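# coords below, sequence missing:
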């Protein structure tokens, strides 16, 4: 019996909601262990997207006819769904973007340009994704600000006391991941935010890996900005959201110019639209936003707490099994981890591991995971990473472990 099926969480039934698991890869059942990169899509999302394009489509916010008005209402209802899911106070605080990368760039190029200057400091962690490093480096080079890196230990625990010592009156922003995409570390985000606020700094949270795996309440966290991508929470690609406290967003200048972010335009002057439309220039990813809402609705039907419990059981089971593999070294064994394993093996490079597993229908990620600084910290070029989603089973982990033994037989 599947271990995680005993607590009213019927994972085999859930898997039937995902059409992709009906197929085989190289004649083998698909074992998908790369949800940290991008999750698979349930039929509810696929059907919603198809229905919007097939039966409901029109451009929104501008048309006076039925289709336009109906889809406008549906799109704005999707914004409300996101607001409720993360605990925002107002839908004005939810800005639809292409994903977390655009959201971070938006904050850097608006709030950052407006509020940061020579001598000011941004603190990042050692574990950041490139998308939460490069925009701040671009701003650093333009505004002559300083970037300081908060350290981790050898097990990839975030060192809260070291972080606290870095904070000062020069610190204006802390931009930090909630869960490391490369190592699975869960950072003590509430304490991080509280300490930052004690010196007057704002905090931007990269929630890409946390939102699909745990309940989020941005008001309880007191986050100033919170960003995520829809494709990691079982929704479509090309859509995500930026949450920002309303007072901050009101004070920020527009990010891009064009339709929908304006109230009126003459050749002499433009009057900008109100929130959230001030930051949403041009025709948005209408169907993507609606598909994202469908994904959130799907997650809500299962219960995020149930999903979290399920994935933690998978993690515990995987940690037990993987250490039986010869030459295995886990990279990141933080005290609090999300459902992923990042590892290297003596016998083979991560890319070779991924190739051998792929031949057995097992999809993992191999590389630096867009987190090269943390690879440099561990003095390795890459890891193999197996990451879990709400549809994974202990059988998936068994197949992974058998595949890793096969790697040793081939290369050992």
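Great, that's in hand. Just so it is clear, the model here is predicted, and its values are computed rather than measured.
# For the residue of the chain most remote from its centre, which three-state class applies?
Distance from the C-alpha centroid of the chain, by CA atoms, centre = their mean, peaks at residue 268 (40.9 Å). Taking DSSP: H, G, I helix; E, B strand; the rest coil as the rule, one finds residue 268 in the coil state.
# Roughly how far does it sit from residue 408?
72 Å (CB to CB, to the nearest Å). In short, each C-beta sits where N, CA and C put it, glycine included.
# From the centroid of the protein, which residue is nearest?
Mean-position check on the chain, CA atoms, centre = their mean. Result residue 208 at 1.2 Å.
# Verify the stated contact: that one with residue 226.
No. Counting by CB atoms under 8 Å, residue 208 stays clear of residue 226, with 10.4 Å between them.
# anything in contact with each of the two?
Counting by CB atoms under 8 Å, 6 or more residues apart in numbering, residue 208 and residue 226 have no shared contacts at all.
# on that earlier part again, check the residue farthest from the centre of the chain and give its pLDDT.
pLDDT, residue 268: 91.
# hmm, back to that, can you tell me which residues contact the residue nearest to the centre of the chain?
100, 129, 177, 181, 227, 228, 229, 232.
# Which one of those residues is nearest to residue 10?
Nearest to residue 10 among those, counting by CB to CB, is residue 232 at 23.2 Å.
# how deep is residue 214 tucked in, by neighbour count?
17 (other CB atoms under 10 Å).
# Assumed it was part of a helix.
No. Residue 214 is assigned coil when assessed by three-state DSSP, not a helix.
# Now for the nearest residue to it once chain neighbours are set aside, how many residues are close by?
Excluding its sequence neighbours, the residue lying closest to residue 214 (CB to CB, 6 or more residues apart in numbering) is residue 308, at 5.3 Å. Applying other CB under 10 Å, we find 17 residues neighbouring residue 308.
# do the same with residue 209
Residue 209, neighbours per other CB under 10 Å, totals 28.
# Setting the sequence-adjacent residues aside, check what's closest to it.
In space, residue 209 is closest to residue 179, 3.8 Å off (CB to CB, 6+ apart).
# Could you double-check that the one you found lies in contact with residue 334?
No. Applying CB under 8 Å as the test, residue 179 and residue 334 come out as separate, 9.9 Å apart.
# tell me, what's touching the two both at once?
Joint contacts of residue 179 and residue 334 (CB under 8 Å, 6+ apart) are 185, 186.
# Of those two, which one has the most company?
Neighbour totals were compared for residue 179 and residue 334, and residue 179 leads with 27 against 20 (other CB under 10 Å).
# Please name the bridge partners of the more buried one.
residue 186 (DSSP bridges).
# now it: how far from residue 155?
Applying CB to CB to residue 179 and residue 155 gives a distance of 15 Å.
# All the helices of the stretch 1-150 of the chain, residue numbers only.
11-15, 43-51, 66-86, 100-107, 113-115, 134-143 (DSSP state H, counting those that start in this stretch).
# cool, the stretch 301-412 of the chain as well?
Counting by DSSP H, counting those that start in this stretch, the helices of the stretch 301-412 of the chain are 304-322, 350-359, 372-378, 394-411.
# rank those by pLDDT, which is bottom?
helix 372-378 (a mean of 92).
# For residue 329, which non-adjacent residue is closest in space?
residue 344 (5.2 Å).
# is it true that that neighbour touches residue 381?
No. Using CB under 8 Å as the test, residue 344 is too far from residue 381 to be in contact (9.5 Å).
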